[in-house]
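Q: my questions concern the predicted model and sequence given below.
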Amino acid sequence: MALMAPPTSAVLQEGAFEEKGEMARMYYFVGAIEIADMVKTTLGPKGMDKILQSVTSREAGIQVTNDGATILKSVIVENPAAKVLIDIAKTQDDEVGDGTTSVCVFAGELLREAEKLVMQKIHPQTIIQGWHMATKVARDALTKAAIDHSQDEAKWREDLMNVSRTTLSSKILQNAKDHFAKLAVDAVMRIKVTGNLDHIQILKKPGGTLKDSYLDAGGFILDKKIGVGQPKRLENAKILVANTAMDTDKVKIYTTRVRVDALNKVADIEEAEKRKMREKVEKILAHGCNCFINRQLIYNFPEQLFADAGVMGIEHADFEGIELLASVLGADIASTFDSPEGTTLGRCDVIEEVMIGESKVIRFGGVPVGDACTVVLRGAGAHVLDEAERSLHDALCVLNGMVKEHKTVYGGGCSEVLMAKAVDDLAAKTPGKKALAIEAYARALRQIPSIIADNGGYDSAELVSQLRAEHYKGNALAGLDMADGSIGNMQELGITESYKVKLQVLLSGAEAAEMILRVDDVVKLPPRRREG
């Protein structure tokens, strides 16, 4: 007689448990679909915002945003499938900078369709094979529809403007999207050779309105003040950037005491400290600089010495600011000053103190890295400025990607319905159960324009059916005009998206859904016990 295998509960450690088959799959489906449903109301030009508030700390601030990446990064989830979607959204944000909500929603809709097919007793591997075929056809249709105007400078710049407007139309900047689209395109065109987004600095200053924001081309702004008694304007600057202690060299060991038997010896100690600081300042001045920027504080005595020598001293430049500033100025960040010949000084045409609103800042004009620039954001408050920065950063990332991959596709649900049509044509030619999976893939693609229409308060079923009919009539430029809730020509309306972003949404969403669909077993392990 054959021996029976022990039940899983007898094999696993106490406290662990296992879910198999349908129960495991449903557990994953529910988690992933729930995350997709949470962010789908933010999709499109009329998407709603979310308030993110920490419940662990009373002092923690709130965030008001409709940026999918920001929302998903802030959510703490237990469901593993939900974590997969959050990771995919983070990857989308890192790779192309936009489309985080779309990729999450697309994966969620694929899993919603897969759930129905599994309930019809269709094996997950059959569904996955159908999805593979559908993804290939959808990708080919998207690539075929892509437009490349890189050979025509005027048309390509118009494409950049249209893509920038489309990206910003779903953000807080939509009411000033023409202003910010031009600002973003001008900034990205400056860095098109290096492609280094770090050379575009975004400085937030409360006050005014969003339309008061501007691009300071060829300048870098440091949000600090020039020292007391020092020159407020400097031309042909030679700059030493440092990260060193500029306080008197006191004994800094905790609980250490210095005892003296006479007051004049205290004066001797103070004089010795000043002498050491004076020697350090002389070594700095020996580099031939006329501006000294330090990461740390510059105390009163060295500040006085710099002022007497006619050197501009700028203190307490933060870590990120000073690293970026050193890069833009072409300088080394020094910490010792014994070998002036081995230290590279930064240079710029002019350093001056300027006013932005009610704040004084330091502007470096004519920096050696010619593509460096600063975007100054103005707005009603900190929450508005934070969301404006996130929105502008998305647009800059998308445009920077377009400098390398010039192709564009039409938005407003046009590309999704175009791909869905190609997938439906494939389903009509495919025998067997795979055809059902391919049809489900097409329905998931059509859900994107349906959700965009729902978020605008329009009749999604009516609009998507009209849009589908237009594409079957051969009108491949038809898409949703969310201004009046009708079907419009995307080419005439200038609703254009980056081909790279759209392709990444398609591939990443399909891969995430496939990974979750392959799971048929969930094993939860008990927490590790402390011994002793």
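A: Nice, thanks for sending it over.

Q: list the contacts of the closest residue to residue 458 other than its chain neighbours.
A: Distances taken as C-beta to C-beta, 6 or more residues apart in numbering put residue 485 closest to residue 458, at 4.1 Å, once the chain neighbours are dropped. C-beta: built from backbone N, CA, C; applies to glycine. By C-beta atoms under 8 Å, 6 or more residues apart in numbering, the contact list for residue 485 reads 453, 456, 457, 458, 459, 463.

Q: can you confirm residue 269 is in a strand?
A: No: applying DSSP: H, G, I helix; E, B strand; the rest coil, one finds residue 269 to be helix, outside a strand.

Q: what's around it, how many residues?
A: 14 (other C-beta atoms under 10 Å).

Q: ok, now which ones touch it?
A: By C-beta under 8 Å, 6+ apart, the neighbours of residue 269 are 258, 260.

Q: for residue 315, what are its contacts?
A: By C-beta under 8 Å, 6+ apart, the contact set of residue 315 is 224, 227, 246, 294, 296, 297, 298, 303.

Q: now list the buried members of these.
A: 224, 227, 246, 294, 298, 303 (16 or more other C-beta atoms under 10 Å).

Q: same list (these) but as TSV, adding pLDDT, secondary structure and distance to residue 441.
A: Converted to TSV, the buried ones among the contacts of residue 315 look like this (pLDDT from 0 to 100; DSSP: H, G, I helix; E, B strand; the rest coil; distance: C-beta to C-beta, whole Å):
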residue	pLDDT	secondary structure	distance to residue 441
224	84	coil	54
227	72	coil	64
246	80	strand	64
294	87	strand	59
298	85	strand	63
303	85	helix	67
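
Q: which one of these is nearest residue 410?
A: The shortest gap between residue 410 and any of the buried ones among the contacts of residue 315 belongs to residue 224, at 45.7 Å (C-beta to C-beta).

Q: coming back round to it: just give me the closest of the contacts of residue 315 to residue 513.
A: residue 224 (48.8 Å).

Q: verify the contact between that closest one and residue 361 for me.
A: Yes: between residue 224 and residue 361 there is a contact under C-beta atoms under 8 Å: 7.2 Å.

Q: what segments of the stretch 151-300 of the chain are helices?
A: 153-168, 177-190, 263-285, 300-308 (DSSP state H, counting those that start in this stretch).

Q: what sits up against the second one?
A: Under the contact criterion C-beta under 8 Å, 6+ apart, helix 177-190 has outside partners 157, 160-161, 164-165, 168-169, 173, 199-200, 210-211, 213-215, 217, 370-373, 375, 391-392, 395-396, 399-400, 403.

Q: and the residues you listed, which are buried?
A: Neighbour counting with 16+ other C-beta under 10 Å marks 160-161, 164-165, 168-169, 173, 199-200, 210, 213, 215, 371-373, 375, 391-392, 395-396, 399-400, 403 as buried within those.

Q: hang on, the earlier thing: just flag the most distant two among the contacts of residue 315.
A: It's 224 and 246 that sit farthest apart of the contacts of residue 315, by C-beta to C-beta, at 14.6 Å.

Q: give the bridge partners for the residue nearest to residue 389 when sequence neighbours are not counted, please.
A: Nearest residue to residue 389, sequence neighbours excluded (C-beta to C-beta, 6+ apart): residue 202, at 5.4 Å. For residue 202, the beta-bridge partners under DSSP bridges are residue 375.

Q: start the count at 428 instead of 1 going forward.
A: In the new numbering, first residue 428, that becomes residue 629.

Q: and residue 629, how many residues sit next to it?
A: 16.

Q: residues touching it, list them.
A: 801, 802, 804, 816, 819, 820.

Q: repeat the analysis, applying 7 Å as the threshold.
A: Neighbouring residues of residue 629 by C-beta atoms under 7 Å, 6 or more residues apart in numbering: 802, 804, 816, 819.

Q: give me the buried positions along the helix or strand harbouring residue 789.
A: Per DSSP states H and E: residue 789 is located in strand 786-792. Within strand 786-792, the residues scored as buried using 16+ other C-beta under 10 Å are 788, 789, 790, 791, 792.

Q: the last one bridge partners, please.
A: It refers to residue 792. residue 646, residue 777.

Q: from residue 644, how far out is it?
A: 10 Å (C-beta to C-beta, to the nearest Å).

Q: and the first one, by the same measure?
A: Remark: distance between residue 788 and residue 644 (C-beta to C-beta) = 16 Å.

Q: same question for residue 504.
A: For residue 504, the distance to residue 644 - C-beta to C-beta - is 43 Å.

Q: and the strands in the stretch 478-627 of the chain, which stretches?
A: Assigned by DSSP state E, counting those that start in this stretch, the stretch 478-627 of the chain shows strands spanning 489-492, 627-633.

Q: oh sorry, the question was meant for the stretch 828-959 of the chain
A: Counting by DSSP E, counting those that start in this stretch, the strands of the stretch 828-959 of the chain are 835-837, 905-908, 913-916, 923-925, 948-951.

Q: now these in JSON lines, with mean neighbour count?
A: As requested, those are exported to JSON lines (neighbours: other C-beta atoms under 10 Å):
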{"stretch": "strand 835-837", "mean neighbour count": "25"}
{"stretch": "strand 905-908", "mean neighbour count": "25"}
{"stretch": "strand 913-916", "mean neighbour count": "16"}
{"stretch": "strand 923-925", "mean neighbour count": "26"}
{"stretch": "strand 948-951", "mean neighbour count": "13"}
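
Q: okay, now residue 670: neighbour count?
A: 16.

Q: scratch that, residue 607 is what I was asking about
A: 27.

Q: try the one 10 residues further on
A: Burial of residue 617 is recorded as 18 neighbouring residues (other C-beta under 10 Å).

Q: next: residue 843.
A: Residue 843 has 29 nearby residues by other C-beta under 10 Å.

Q: show me where pLDDT drops low in the stretch 578-727 of the chain?
A: 675-683 (pLDDT under 70).

Q: if you set the cut-off to 90 instead, what comes out?
A: For the stretch 578-727 of the chain, applying pLDDT under 90 flags the ranges 578-584, 586-587, 591-607, 613-662, 664, 666, 668-727.

Q: lowest-confidence helix or strand of the protein?
A: helix 435-438 (a mean of 53; mean pLDDT, DSSP states H and E).

Q: any idea how far residue 907 is from residue 877?
A: 10 Å.

Q: contact partners for the closest residue to residue 493 other than its chain neighbours?
A: Leaving out its chain neighbours, the residue that sits closest to residue 493 by C-beta to C-beta, 6+ apart is residue 469, at 4.0 Å. In this structure, residue 469 makes contact with 475, 477, 493, 495, 528, judged by C-beta under 7 Å, 6+ apart.

Q: the last one is in contact with residue 497, isn't it?
A: Pointing back at residue 528 there. No: using C-beta atoms under 7 Å, residue 528 makes no contact with residue 497, being 10.4 Å away.

Q: compare neighbour counts for these two and give me the winner.
A: Set side by side, residue 528 and residue 497 show more neighbours around residue 528, with 27 against 17, by other C-beta under 10 Å.

Q: you'd agree residue 924 is up against residue 839?
A: No: if you go by C-beta under 7 Å, residue 924 and residue 839 don't touch, sitting 8.9 Å apart.

Q: alright, calling it a day.
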